[in-house]
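Asks: 3D, please:
(chains A and B)
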Amino acid sequence: MSVILEMVDVTRIHGEGHLAVQALTNAALRVDSGELIAVMGPSGSGKTTLLSIAGGLDRQTTGSVQVEGQELSALSPARLARLRRRRIGYVFQQLNLIEGLTAAENVSLPLELDGMGLKEARAHAQRALESVGLQDLGDRFPDDLSGGEQQRVAIARGIVGERVLLLADEPTGALDSITGEAVLKLMRAHCDAGGGGVLVTHDARWAAWADRVIFLRDGKIVDETEAPDGPESLLNVR
Amino acid sequence: MSVQMSLLAILADAPGYGLQLRNEFEARTGSIWSLNVGQVYTTLSRLERDGLVEQRGGDGVEKLYSITRAGRTRLREWFAEPTQYGAPHRDELVLKLVMALESSEVDARDVLQAERKAAVQALQEYTRLKRTADESDIGWLYLLDSLIFQTEARVRWLDACEERLKRGGARRAKVLAEQDKEEVRR
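Replies: The predicted model follows:
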């Protein structure tokens, strides 16, 4: 089993001196191939900071963060940007789809920015749209898609090409139950196919789709779920 | 009550023997609620006493039960009436958290977290069952969704308790500090 993400002893301090705020303290997190990890905690507990550092969008003050064995803080800005484009996908509550581009163009954009030829990028985009069940809607603009469809486009963009690590921050946002479930199924499928994922959510119903759930409080990992005892222990309800 | 009505619902489709009824009950509920044969026969004799089912035919060894007209009427009433939940019972979890607030034995936040973790683990298991469930098995999915939503509600309530504890704790510290100042002034 290969390690996709490994964070060791990660601390993030914003500001200095008496104004310093410790957003994350000695956090450790490992995601193996095939695993989906959920991070739960109240607002302000450091969930988004953890996710940003895992994805190279923010840098830790101390500690180590490796994606597929590469230490992010040791990479030049250009190489870090390339790793982010090629190996890491992001899905946020604010979808950040570009209005003037079609669904297919939105999905292929990161690959095109990475220098991939248009034709190849579009082929990858089509495959990603297929995997989220939107193969026939690639020509639509975001405004012509439902909220659930837009979210699936955002996920397609998150997994397009050869992205291995999928990072999601409240990806079910304001979606209804059934649509939210579809989003989780897609994340799960990405991981079951050998990828890895980290899902930040305050909603236990979505966190429950993960293999492990990590609890953050005041910037510290205070607990995590253990392997279940099996259904017999739970279904003994009367 | 719910077992009585469930047996009536099954008998409304076709007459059945005790063992058959139990198997059908477990098939419809995805075996999430087990029911022993003895319980089935006790329930059937109560239903018979009330004139809601009757014995008709049979193979001489086992009794074959059918629903009566009164039984069908009762079943329709059951489907039509909203379910009664009665007065809230004394919930052990609420009591435990209230006791933890004042107890010097524990940190109330640790108790909250232990409960939250157990609930999330249960949710993980229900979700795993749901992921592997057949989409056409709607009754089974109803049950799993019911357990998932109830457990989720518990986690949300625990989250709210923690928030309340945080705010209330800060406020209480302030009140105590002011009381201390009063004491010193005197």
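Asks: for the longest helix seen in chain A, name the packing helices and strands.
Replies: The residue-count maximum for a helix in chain A (DSSP state H) belongs to helix A:177-192. Applying 3 or more Cβ pairs under 8 Å, 6 or more residues apart in numbering or on different chains; DSSP states H and E, one finds that helix A:177-192 contacts strand A:36-40, helix A:147-159, strand A:165-169, strand A:196-200. Placement of C-beta: from N, CA and C, glycine included.
Asks: mind giving me a markdown table with those and columns for distance to chain B and mean pLDDT?
Replies: Output for the helices and strands packed on helix A:177-192, formatted as a markdown table (distance: least, Cβ to the nearest Cβ, whole Å; pLDDT from 0 to 100):
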| stretch | distance to chain B | mean pLDDT |
| --- | --- | --- |
| strand A:36-40 | 7 | 96 |
| helix A:147-159 | 17 | 88 |
| strand A:165-169 | 16 | 94 |
| strand A:196-200 | 13 | 96 |
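Asks: wait, doesn't residue A:6 sit right on residue A:30?
Replies: Yes: assessed by Cβ atoms under 8 Å, residue A:6 is found in contact with residue A:30 at 5.0 Å.
Asks: where do the helices of chain A begin and end?
Replies: Counting by DSSP H, the helices of chain A are A:47-54, A:77-87, A:103-113, A:118-131, A:147-159, A:177-192, A:204-207, A:231-234.
Asks: can you pull the contacts of residue A:45?
Replies: Residues in contact with residue A:45 (Cβ atoms under 8 Å, 6 or more residues apart in numbering or on different chains) are A:216, A:217, A:218, A:219.
Asks: can you point out the buried residues in the longest helix of chain A?
Replies: In terms of neighbour count (16 or more other Cβ atoms under 10 Å in any protein chain shown), helix A:177-192 has its buried residues at A:179, A:180, A:181, A:182, A:183, A:184, A:186, A:187, A:188, A:190, A:191.
Asks: what of stretch A:113-127?
Replies: The neighbour-count check on stretch A:113-127 (16+ other Cβ under 10 Å) flags A:116, A:121, A:122, A:124, A:125, A:126 as buried.
Asks: with stretch B:66-74 instead?
Replies: B:67, B:68, B:71, B:74.
Asks: could you dump those residues to a markdown table with pLDDT?
Replies: A markdown table is the format used below for these (pLDDT from 0 to 100):
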| residue | pLDDT |
| --- | --- |
| B:67 | 95 |
| B:68 | 96 |
| B:71 | 95 |
| B:74 | 94 |
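Asks: run through the bridge partners of the residue nearest in space to the middle of chain A.
Replies: Residue closest to the mean C-alpha point of chain A, counted by Cα atoms, centre = their mean, is residue A:167 at 1.1 Å. Here residue A:167 sits in beta bridges with residue A:90, residue A:198, going by DSSP bridges.
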